[in-house]
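**Q** coords please:
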Amino acid sequence: MSDKPIYVTQPHLPPLEDFLPYLQEIWDRRILTNGGPFHQQLEKALCDYLGVEHIALFANGTLALVTALQALRITGEVITTPYSFVATAHSLLWNGIKPVFVDIDPHSLNLDPRRIEAAITPQTTAILPVHCYGRPCDVEAIQRIADIYNLKVIYDAAHAFGVEDAGGSLLRHGDLSILSFHATKVFNTFEGGAIVCPDAKTKQRIDHLKNFGFVDEVTVVAPGINGKMSEINAALGLLQLQRVDGAIERRRQIDRRYRALLGGIPGIRCLPDSGEALANHAYFPILVEDDYPLARDGLYERLREENIYSRRYFYPLISDFPMYRGLPSAQRGNLAVAAEISSRILCLPIYPDLTDEQQLRVIDVLRGCSIPARTRSPSCANVPCA
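**A** Down below sits the predicted model:
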């Protein structure tokens, strides 16, 4: 076993010396928050880079989700996916909204539009889909349903930074799209997030909500929260934006190599291309099928023995957690595809600083455990592969 661990992801950071001039400007100005110069510059730079009209920056993506629901005055029930990070559904509970879980499509792993309509009730006010792993939802089908039933659509696009479809930025769809700039994301600001807004009026309401509802020193127009991004986070974002294309290209290379070297291993299935005009390769999920000698959890443990930390992402389903499992829509019979995928999914290490040698270590474990027991090397002998 190698002593140096390989994690499923690792923050991509610039050289420290490149960040110091930004810090010096912050120290000189003594403006740390409240929409300072770096905050304003980053909003504009992100609009230009992502090809969108308006962006409101946040301290993190979860606060952005909570605020987006407030901004559109969402109430009642919201249809969403059980196959996501818990923040997707938690944002609904924090707003007193009932999540209604709908199964996922077995190919895209996103909310299945064919199942949405049956879940709509008189209390339904919105749909909250997730572009899982940065793979685009069926945005046209979802919007058609929303238009028929007069529902809002808020996309959890935490994974979808920089992703484009044939018409441009994936973030332009729906009423709002939410980004995360968490340390592990394709683009990070240490911690951060954003709401992509369709117009200036919506952005203004969101900016009020993320700053306690203040309009000016003596005027409060809404029961807002403190969701503002700091100048330090915004400064890092400006520097990171200069390097993000290179980071995505390196991810693309790693993705291509995984596909080439894993393609011949029976029982390991890579997800097919999802048709993006521009992908960001935020994750590298595989499905561990029945003809692989190890079950998914066995492979997960085998990798850990080699100091390789993969992730069963997303497992368990959100609907399996105590605060959700009592909901009628959380019953396993309603979510058969999501339950099956959750039992087989494994995300392999992918990040710009992952070396070719480290990637080969990962591939060698998967390949080694696919060999029949009688010919397998001793490294897999302590794990039953049948």
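**Q** export stretch 44-57 as PDB, just CAs?
**A** Extracted in PDB, the C-alpha atoms of stretch 44-57 (Å, rounded to 0.1, in the frame of the first residue of the first chain):
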ATOM      1  CA  LYS A  44     -19.100  40.900 -13.600                       C
ATOM      2  CA  ALA A  45     -16.300  38.500 -14.500                       C
ATOM      3  CA  LEU A  46     -18.500  35.500 -13.900                       C
ATOM      4  CA  CYS A  47     -21.300  36.900 -16.000                       C
ATOM      5  CA  ASP A  48     -18.900  37.400 -18.800                       C
ATOM      6  CA  TYR A  49     -17.300  33.900 -18.400                       C
ATOM      7  CA  LEU A  50     -20.500  32.000 -18.000                       C
ATOM      8  CA  GLY A  51     -22.500  34.000 -20.600                       C
ATOM      9  CA  VAL A  52     -25.300  35.100 -18.300                       C
ATOM     10  CA  GLU A  53     -26.900  38.400 -17.600                       C
ATOM     11  CA  HIS A  54     -27.000  38.600 -13.800                       C
ATOM     12  CA  ILE A  55     -25.300  36.800 -10.900                       C
ATOM     13  CA  ALA A  56     -25.700  37.400  -7.100                       C
ATOM     14  CA  LEU A  57     -22.800  36.000  -5.100                       C
END
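**Q** pretty sure residue 130 is touching residue 84, no?
**A** Yes: assessed by Cβ atoms under 8 Å, residue 130 is found in contact with residue 84 at 4.5 Å. The C-beta positions use only the backbone N, C-alpha and C, and glycine is treated the same way.
**Q** list the residues that contact both of those two?
**A** Counting by Cβ atoms under 8 Å, 6 or more residues apart in numbering, the residues touching both residue 130 and residue 84 are residue 156.
**Q** hey, where'd the helices end up in this protein?
**A** 16-29, 37-50, 61-71, 87-94, 113-119, 139-149, 200-209, 231-241, 244-262, 296-305, 336-344, 356-368 (DSSP state H).
**Q** mind listing what's buried in the shortest one?
**A** So the one you mean is helix 113-119. 113, 115, 116, 119 (16 or more other Cβ atoms under 10 Å).
**Q** Stretch 146-156 now?
**A** 146, 151, 152, 153, 154, 155, 156.
**Q** can you tell me the distance between the two ends of it?
**A** Stretch 146-156 has an end-to-end distance of 16 Å (Cα to Cα, to the nearest Å).
**Q** mind listing what residue 299 touches?
**A** 288, 292, 310, 346, 366, 369.
**Q** Closest one to residue 44 out of these, please.
**A** Nearest to residue 44 among the contacts of residue 299: residue 310, at 38.1 Å, using Cβ to Cβ.
**Q** thinking residue 186 is in contact with residue 157, fair?
**A** No: contact criterion Cβ under 8 Å: residue 186 and residue 157 do not qualify, at 11.5 Å.
**Q** Looking only at neighbour counts, state which of the two leads.
**A** Using other Cβ atoms under 10 Å, the more surrounded residue of residue 186 and residue 157 is residue 157, with 28 against 25.
**Q** Could you check the pLDDT of that one?
**A** Predicted confidence (pLDDT) at residue 157: the value is 98.
**Q** now residue 325, nearest residue through space, not along the chain?
**A** Nearest non-adjacent residue to residue 325, counting by Cβ to Cβ, 6 or more residues apart in numbering: residue 319, 6.4 Å away.
**Q** And for residue 36, nearest residue in space, chain neighbours not counted?
**A** residue 231 (4.5 Å).
**Q** again, but for residue 126
**A** Using Cβ to Cβ, 6+ apart and skipping residues adjacent in sequence, the residue nearest residue 126 is residue 152, 4.1 Å away.
**Q** thought that neighbour was touching residue 202?
**A** No: here residue 152 does not reach residue 202: they are 11.5 Å apart, not a contact under Cβ under 8 Å.
**Q** between these two, what contacts are shared?
**A** What both residue 152 and residue 202 touch, as defined by Cβ under 8 Å, 6+ apart, is an empty set.
**Q** Go ahead and flag the most central residue of the chain.
**A** Geometric centre of the chain, nearest residue: residue 159, 2.9 Å, by Cα atoms, centre = their mean.
**Q** hang on, the earlier thing: burial measure for the residue nearest to residue 36, as a count.
**A** 24.
**Q** Please report the distance of it from residue 24.
**A** As judged by Cβ to Cβ, to the nearest Å, residue 231 and residue 24 stand 12 Å apart.
**Q** To residue 217, which of the helices of the chain lies closest?
**A** helix 200-209 (13.7 Å).
**Q** Mind giving me the packing neighbours of that closest one?
**A** Counting contacts by 3 or more Cβ pairs under 8 Å, 6 or more residues apart in numbering; DSSP states H and E, helix 200-209 is packed against strand 54-58, helix 61-71, strand 193-197.
**Q** Name the stretch among those that sits most buried.
**A** Highest mean neighbour count among the helices and strands packed on helix 200-209 (mean count of other Cβ atoms under 10 Å): strand 193-197, with a mean of 27.
**Q** From the chain's centroid, how far away is that one?
**A** 14 Å (Cα atoms, centre = their mean, to the nearest Å).
**Q** and that strand, which strands flank it?
**A** With DSSP bridges as the test, strand 193-197 is paired with strand 54-58 (antiparallel), strand 176-180 (antiparallel).
**Q** Tabulate the ones you listed (a markdown table), appending mean pLDDT.
**A** Converted to a markdown table, the strands paired with strand 193-197 look like this (pLDDT from 0 to 100):
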| stretch | mean pLDDT |
| --- | --- |
| strand 54-58 | 98 |
| strand 176-180 | 98 |
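**Q** show me what contacts the residue nearest to residue 325?
**A** 82, 101, 325, 327, 329, 330, 335, 338.
**Q** which residues does the closest residue to residue 209 other than its chain neighbours contact?
**A** Closest residue to residue 209 apart from its sequence neighbours, by Cβ to Cβ, 6+ apart: residue 224 at 4.3 Å. Applying Cβ under 8 Å, 6+ apart, one finds that residue 224 lies in contact with 208, 209, 210, 211, 212, 213, 214.
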